[in-house]
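Q: need coordinates for the below:
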Amino acid sequence: MSDAENFEGAASAAPDQVAQFQTHKKGFVPTLQHWLHVNPALVPLIVLVLSIAIFGLLLGAKFFSPFAMTLILQQVQIVGIVAAAQSLVILTAGIDLSVGAIAVLSSVIMGQFTFRYGIPVEIAVLCGLAFGTAVGAINGWLIAVMKLPPFIVTLGMWQIVLAANFLYSANETIRSQTIEAEAPLLQLLGTTFKVGADADGRGGATFTFGVIAMVLIFAFLAYALRQTAWGRHIYAVGDDPEAAQLSGVNVRKILISVYAVTGLICGIAGWALIGRIGSVSPTSGQLLNIESITAVVIGGISLFGGRGSIMGPLFGALIVGVFTLGLRLLGADAQWTFLLIGLLIISAVAVDQWIRKVSV
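A: Residues are numbered from 1 along each chain as shown. Here you go, the predicted model:
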């Protein structure tokens with residue numbers, strides 16, 4: 001019997017059956033690609049664990065001490081908060097180069113409103129947060145409504161806010177002693193407390209309220225992005241804004257809200273910055289733009305938008321903190337930190353490109 005007759009016989013015997021196609025089992029590499037595609041925070045988490053293990057082997061118990069571990073958290077708290085804000089923007093396939101300037105000017109507003117105008121410190125803090133939110137909303141409006149490129153808008157806003165910062169503050173620093181005496185609330189997020197200390201207050205881990213704020217921000221955003229329509233719409237806009245618009249998503253509203261929330265979080269970072277350095281300085285936080293993007297990229301959020309876990313940038317910030325502290329304790333030149341972080345950035349982008357090739 002010929003192949004044609006076999007085909008005709010099979011067709012006549014089972015006319016209502018759906019055609020069956022033979023599937024091939026995936027190999028290890030495609031399976032790994034798919035696994036990493038589904039769990040984008042896994043790569044930075046693995047890198048974080050390995051970096052802690054390597055420095056722990058090189059430095060011993062000194063690196064694994066509660067003091068060292070919590071010191072890393074304290075060092076990355078500002079970058080972590082700003083990275084959380086930057087993550088929202090990058091998930092929409094945008095970028096915000098003004099995050100650092102917004103954080104610094106928000107802190108300056110809090111300080112100047114308190115000491116120059118005599119406004120109650122609680123209201124001054126709210127004014128700083130409102131300023132960050134307003135600047136973020138303006139960024140979002142220019143991008144969503146005026147259809148201007150995010151890079152150009154936020155680059156211009158960075159210059160505007162930076163200039164406004166120095167013009168408004170007159171390059172004046174409000175000293176730590178003045179804040180401690182008259183407005184300690186400004187330093188609230190820098191206040192330390194111990195966990196696990198003995199009766200005499202020795203030992204244990206030292207945390208700051210800024211670290212707690214960072215963790216809460218990431219926890220809130222993780223819930224919002226996974227469990228709310230707003231979060232799902234952010235991913236949809238980042239993946240394909242035209243398709244999202246056709247499916248009923250208000251792309252303009254989502255973009256404006258994302259940039260507004262980003263500005264609010266930057267305002268919180270500015271408040272934490274006062275607590276971290278103790279004073280209100282218009283020259284602080286100059287590298288927050290680059291550092292936040294570094295944490296986001298190492299954290300596995302795709303620069304093309306629409307893919308990534310909000311927890312990834314937290315791991316990315318911690319990786320930078322581990323490398324910085326570990327190399328410092330080893331007595332290595334600070335340039336090695338920049339070299340290794342640069343390699344991590346390029347590697348993270350290469351891994352992201354490789355993961356994006358997976359067929360799901």
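Q: residue ranges of the helices in the stretch 201-350 of the chain, please?
A: Ranges of helices in the stretch 201-350 of the chain, per DSSP state H, counting those that start in this stretch, are 209-227, 229-239, 241-246, 251-277, 288-298, 311-329, 334-356.
Q: and of those helices, who's closest to Val49?
A: helix 311-329 (9.3 Å; Cβ to Cβ). Placement of C-beta: from N, CA and C, glycine included.
Q: list the buried residues in that closest one.
A: Under the neighbour-count criterion of 16 or more other Cβ atoms under 10 Å, helix 311-329 has 311-327 buried.
Q: same thing with stretch 279-286?
A: For stretch 279-286, by 16+ other Cβ under 10 Å, it's Ser279, Val280, Ser281, Pro282, Ser284, Gly285.
Q: ok, and the closest non-adjacent residue to Ile345?
A: Val297 (5.4 Å; Cβ to Cβ, 6 or more residues apart in numbering).
Q: test my guess that the one you found contacts Phe315.
A: No. Val297 is beyond contact range of Phe315, at 11.9 Å (criterion: Cβ atoms under 8 Å).
Q: okay, and the common contacts of the two?
A: Counting by Cβ atoms under 8 Å, 6 or more residues apart in numbering, no residue touches both Val297 and Phe315.
Q: contacting residues for the residue nearest to Ile345?
A: Leu303, Gly316, Ile345, Ala348, Val349 are the contacts of Val297 under Cβ under 8 Å, 6+ apart.
Q: report pLDDT for it.
A: The per-residue pLDDT reported for Val297 equals 92.
Q: again, but for the one 5 residues further on
A: Turning to Ser302, the model gives it a pLDDT of 88.
Q: likewise Gly111?
A: If you check Gly111, the pLDDT there is 97.
Q: quick one, phi psi at Ile123?
A: Backbone torsions of Ile123, given as degrees, to the nearest 10, read phi -70, psi -40.
Q: any idea which helix or strand carries the residue nearest to it when sequence neighbours are not counted?
A: Leaving aside its sequence neighbours, Ile123 sits nearest to Phe113 (Cβ to Cβ, 6+ apart; 7.5 Å). Using DSSP states H and E, Phe113 sits within helix 99-115.
Q: now the angle from that helix to helix 288-298?
A: 130 degrees (axes from the mean of the first three to the mean of the last three Cα atoms, to 10 degrees).
Q: tell me what helix 99-115 is packed against?
A: On a contact count with 3 or more Cβ pairs under 8 Å, 6 or more residues apart in numbering; DSSP states H and E, helix 99-115 meets helix 66-91, helix 121-144, helix 150-169, helix 176-182, helix 251-277, helix 288-298.
Q: using a markdown table, lay out those helices together with distance to Val104.
A: Converted to a markdown table, those look like this (distance: least, Cβ to Cβ, whole Å):
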| stretch | distance to Val104 |
| --- | --- |
| helix 66-91 | 11 |
| helix 121-144 | 10 |
| helix 150-169 | 6 |
| helix 176-182 | 16 |
| helix 251-277 | 6 |
| helix 288-298 | 8 |
